[in-house]
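Asks: I would like the atomic coordinates for the input below:
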Amino acid sequence: MTGAKVYLVGAGPGDPELITTKGRRLLQQADAVLYDHLANDALLALAPPHAERIYVGKKKSVHAFTQEEICAMLIERARRGWNVVRLKGGDPFIFGRGGEEAEALADAGVPFEIVPGVTTPLGIAAYTGVPLTHREHTSAVTFVTGHAVDAIDWSRVGMSETLVIFMGLTTFPQIARELIERGRAPETPAMAVRWATRPDQETLTGTLATLPGLIERNKMKPPATIVVGEVVRLREKLNWFERLPLFGQRIVITRAKAQADALASKLAALGAETVELPTIEIRAAADYAPLDSAIERLSGYDWLIFTSANGVKFFLDRLDRSAADLRALRARICAIGPATRAAIEALHLKVDVMGKEYVAEGLLDALQGHDLAGKRILLPRAAVARDLVPAELARRGALVDVVEAYRTVMPESAAERAREIFSAPHRPDWIAFTSASTVQNFAAAGGVDLLHNVRVASIGPITSQAARNLGIEVTVEAPEYTIDGLVACVANLSPPIL
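Replies: Numbers count the residues shown, from 1 in each chain. The predicted structure follows:
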């Protein structure tokens with residue numbers, strides 16, 4: 001972005017991936033973000049750390065700021081020379097008061113741009129399987145706001161083949177009566193959708209006559225949008241989102257924050273709502289002198305063994321800081337599993353040996369056919385790890401240098417975050433452990449007692465044993481000790497091993 005400007009950006013209907021590419025880029029470059037109640041929190045993380053974040057949302061009659069105050073804040077920050085993103089749920093110009101804010105900016109002489117977003121009805125259509133138009137059912141769609149029922153001419157708009165009602169959940173009994181009294185058939189299909197496109201999407205389907213009672217009995221609350229018309233009948237056939245294998249499941253991910261996305265994105269693709277609870281944090285080694293010394297002698301090693309992708313990352317970082325580079329590497333390379341192998345191959349290096357089972361025992365089995373007597377082996381790994389590999393290699397006659405490449409510690413916020421997640425009204429359905437350390441740190445954070453009625457997924461036998469040692473019952477264990485294996489196991493796409 002160049003020059004101070006205000007960007008009115010549509011955040012989309014709820015799923016953070018539905019924001020436009022331009023909206024994402026502007027958030028990443030913003031100096032200030034003013035966001036409302038319907039903008040997904042995940043989008044705020046896109047803004048730079050220095051960016052000011054201000055909640056200006058409106059919930060029923062509870063307003064953080066008046067519309068005049070919001071406009072004044074936009075203008076004042078732009079005049080500071082800042083680039084400001086006004087992040088609005090859905091689309092700024094579809095019942096989003098974007099027009100009022102744009103007018104205020106124009107009157108103040110402040111440059112602005114409008115960045116459209118996926119408006120809620122389009123998100124509802126896509127994620128409930130209800131097309132708003134269909135050649136056999138409707139060729140006209142009307143959008144109407146329902147918060148002021150008496151201000152709408154229902155005899156005119158109510159006969160639209162597809163009627164989409166914003167902000168009309170609490171007034172829908174009155175709206176339904178108005179429509180029926182003006183000739184709309186009581187058996188007309190109707191649907192109410194709350195939190196459209198999100199993993200907690202809630203959908204009620206009935207008719208114009210029955211939907212008000214369904215809303216009351218199910219205690220559905222705003223924000224919700226209502227669709228009335230024959231197209232609602234297509235939901236039974238086209239509803240793909242709510243049929244995803246993990247739809248409605250809330251799953252806690254305990255991996256380090258920087259690594260959580262690899263698991264979260266795969267679970268989300270299957271419909272799950274993921275909640276991050278990092279129980280480990282990856283940090284630099286306490287002392288890099290041993291690793292640096294080993295790198296100086298890199299050409300003298302016969303084998304280089306990596307037991308994690310983190311080991312590869314930190315080894316490469318120290319190599320980059322040294323006088324040497326990969327040309328000094330003469331050793332054969334061994335990786336514990338596919339994620340570690342991928343990290344090595346990203347360096348355009350070949351992996352010579354990888355175990356069939358992605359644990360220390362599998363790595364040792366893979367090396368069984370190699371004569372290691374007198375061979376020099378470098379093993380860069382975490383400060384605290386199982387001693388099985390170096391002890392067994394030494395027993396086979398190898399000369400093993402075990403050097404600290406990184407440390408894992410428990411984040412200071414883990415205990416507070418755990419209490420927050422497990423005391424929420426919608427408790428987690430699952431918790432996923434990806435290493436023994438994630439289990440042990442979760443327990444240290446006071447979390448074992450929080451797991452009542454929560455299913456536990458483990459990435460493999462070492463992790464499972466760590467859980468059982470702490471009295472945690474493991475529900476499923478991945479048959480393949482990888483992230484993909486864990487996801488498949490939770491989604492019941494492959495038989496669990498217990």
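Asks: now Ala192, what's its secondary structure?
Replies: Per DSSP: H, G, I helix; E, B strand; the rest coil, the secondary structure class of Ala192 is strand.
Asks: could you check how many residues crowd around it?
Replies: By the criterion of other Cβ atoms under 10 Å, Ala192 has 25 neighbours. The C-beta positions use only the backbone N, C-alpha and C, and glycine is treated the same way.
Asks: with Pro13 instead?
Replies: Pro13, neighbours per other Cβ under 10 Å, totals 29.
Asks: got it, and the one 3 residues further on?
Replies: Burial of Pro16 is recorded as 19 neighbouring residues (other Cβ under 10 Å).
Asks: likewise Pro186?
Replies: As a measure of burial, Pro186 has 12 neighbours, counting by other Cβ under 10 Å.
Asks: quick one: residues contacting it.
Replies: Ile180, Thr207, Leu208, Ala209 (Cβ atoms under 8 Å, 6 or more residues apart in numbering).
Asks: separate out the buried members of the residues you listed.
Replies: Buried residues within these, counting neighbours by 16 or more other Cβ atoms under 10 Å: Ile180, Thr207, Leu208, Ala209.
Asks: now these in JSON lines, with secondary structure and pLDDT?
Replies: Shown next, in JSON lines, are those (DSSP: H, G, I helix; E, B strand; the rest coil; pLDDT from 0 to 100):
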{"residue": "Ile180", "secondary structure": "helix", "pLDDT": "96"}
{"residue": "Thr207", "secondary structure": "strand", "pLDDT": "98"}
{"residue": "Leu208", "secondary structure": "coil", "pLDDT": "97"}
{"residue": "Ala209", "secondary structure": "coil", "pLDDT": "97"}
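Asks: just confirm Leu379 is within a strand.
Replies: Yes. Leu379: assigned to a strand according to three-state DSSP.
Asks: and the gap between it and Asp302?
Replies: 12 Å (Cβ to Cβ, to the nearest Å).
Asks: more crowded one of these two?
Replies: The residue with more neighbours, out of Leu379 and Asp302, is Leu379; 23 against 16, by other Cβ under 10 Å.
Asks: return the distance of that one relative to Leu244.
Replies: 41 Å.
Asks: for Glu273, same thing?
Replies: Taken as Cβ to Cβ, the span from Glu273 to Leu244 is 11 Å.
Asks: neighbour count winner among these two?
Replies: Glu273 (20 against 16).
Asks: was I right to think that one contacts Gln201?
Replies: No. Distance between Glu273 and Gln201: 9.9 Å, which falls outside the contact criterion (Cβ atoms under 8 Å).
Asks: buried sites along the longest strand along the chain?
Replies: Once the chain is assigned using DSSP state E, the strand that runs over the most residues is strand 399-409. Applying a neighbour-count criterion of 16+ other Cβ under 10 Å, the buried positions in strand 399-409 are Val400, Asp401, Val402, Val403, Glu404, Ala405, Tyr406, Arg407, Thr408.
Asks: ditto for stretch 305-324
Replies: Using 16+ other Cβ under 10 Å as the test for burial, stretch 305-324 gives 305-316, 318-319, 324.
Asks: narrow those residues to those in helices?
Replies: Ala309, Asn310, Gly311, Val312, Lys313, Phe314, Phe315, Leu316, Arg318, Leu319 (DSSP state H).
Asks: before we move on, the earlier item: pick out the most distant pair among the contacts of Pro186.
Replies: Ile180 and Thr207 (10.2 Å; Cβ to Cβ).
Asks: circling back: give the pairing partners of the longest strand of the chain; include direction for each.
Replies: strand 281-284 (antiparallel), strand 376-382 (parallel) (DSSP bridges).
Asks: mean pLDDT and distance to Val351 added to these, as TSV?
Replies: Listed next are the strands paired with strand 399-409 as TSV, based on pLDDT from 0 to 100; distance: least, Cβ to Cβ, whole Å:
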stretch	mean pLDDT	distance to Val351
strand 281-284	94	22
strand 376-382	96	15
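Asks: buried deepest among those strands, which one?
Replies: strand 376-382 (a mean of 23; mean count of other Cβ atoms under 10 Å).
Asks: what does that one rub up against?
Replies: Contacts for strand 376-382 (Cβ under 8 Å, 6+ apart): 291, 294, 298, 300-308, 310-311, 314-315, 331, 389-390, 393, 398-408.
Asks: and the strands in the stretch 51-200 of the chain?
Replies: According to DSSP state E, counting those that start in this stretch, the stretch 51-200 of the chain carries its strands in the segments 52-55, 58-59, 62-63, 83-88, 112-115, 141-145, 162-166, 189-194.
Asks: what's the answer for the stretch 301-450 of the chain, then?
Replies: 303-306, 332-335, 353-354, 376-382, 399-409, 430-433.
Asks: nearest to Leu267, of these?
Replies: strand 430-433 (8.0 Å).
Asks: partners of the closest one in the sheet?
Replies: Here strand 430-433 has these sheet partners by DSSP bridges: strand 250-253 (parallel), strand 455-458 (parallel).
Asks: give the helix, strand or coil label for Ser265.
Replies: Going by three-state DSSP: Ser265 is helix.
Asks: ok, it to Lys237 distance?
Replies: Using Cβ to Cβ, we find Ser265 at a distance of 28 Å from Lys237.
Asks: those two: which is more packed in?
Replies: Using other Cβ under 10 Å as the criterion, Ser265 and Lys237 rank with Ser265 on top: 13 against 8.
Asks: pLDDT at the more buried one, what is it?
Replies: The model reports Ser265 with a pLDDT of 94.
Asks: separation between it and Leu43?
Replies: Ser265 is 16 Å from Leu43, by Cβ to Cβ.
Asks: show me the shaky parts of the protein.
Replies: Per-residue confidence for the chain (pLDDT under 70) gives these ranges: 1-3, 59-63, 493-498.
Asks: domain ranges for it?
Replies: Using automatic domain parsing, the domain parsing of the chain gives 5-117, 122-243, 250-280+411-490, 283-409.
Asks: ok now the second one, how far from the chain's centre?
Replies: In other words, domain 122-243. 29 Å (Cα atoms, centre = their mean, to the nearest Å).
Asks: equivalent analysis for the last one, please.
Replies: Relative to the centre of its chain, domain 283-409 is centred 32 Å away, using Cα atoms, centre = their mean.
Asks: contacts only, for Glu357.
Replies: Applying Cβ under 8 Å, 6+ apart, one finds that Glu357 lies in contact with Asp365, Tyr481.
Asks: ok, it to Leu367 distance?
Replies: Relative to Leu367, and taking Cβ to Cβ, Glu357 is found at 13 Å.
Asks: same thing with Ala445?
Replies: Noted for Ala445: a distance of 36 Å to Leu367, by Cβ to Cβ.
Asks: of the contacts of Pro186, just say which sits nearest to Ser458.
Replies: Of the contacts of Pro186, the one sitting nearest to Ser458 (Cβ to Cβ) turns out to be Thr207, at 46.6 Å.
Asks: hmm, that closest one is touching Met191, no?
Replies: No. Thr207 is beyond contact range of Met191, at 9.8 Å (criterion: Cβ under 8 Å).
Asks: where do the helices sit along the stretch 151-300 of the chain?
Replies: 154-157, 172-181, 211-217, 235-238, 260-269, 289-296 (DSSP state H, counting those that start in this stretch).
Asks: ok, of the buried ones among the contacts of Pro186, which one's closest to Glu113?
Replies: Nearest member of the buried ones among the contacts of Pro186 to Glu113, counting by Cβ to Cβ, is Leu208, at 40.4 Å.
Asks: enumerate every residue touching that closest one.
Replies: Ala176, Leu179, Ile180, Arg184, Ala185, Pro186, Glu187, Thr188, Ala190, Val228.
Asks: same check on Arg455?
Replies: Arg455 neighbours (Cβ under 8 Å, 6+ apart): Asp429, Trp430, Ile431, Thr475, Val476.
Asks: kindly recompute the last result at 10 Å.
Replies: Neighbouring residues of Arg455 by Cβ atoms under 10 Å, 6 or more residues apart in numbering: Gln249, Ile251, Pro428, Asp429, Trp430, Ile431, Ala432, Glu473, Val474, Thr475, Val476, Val490.
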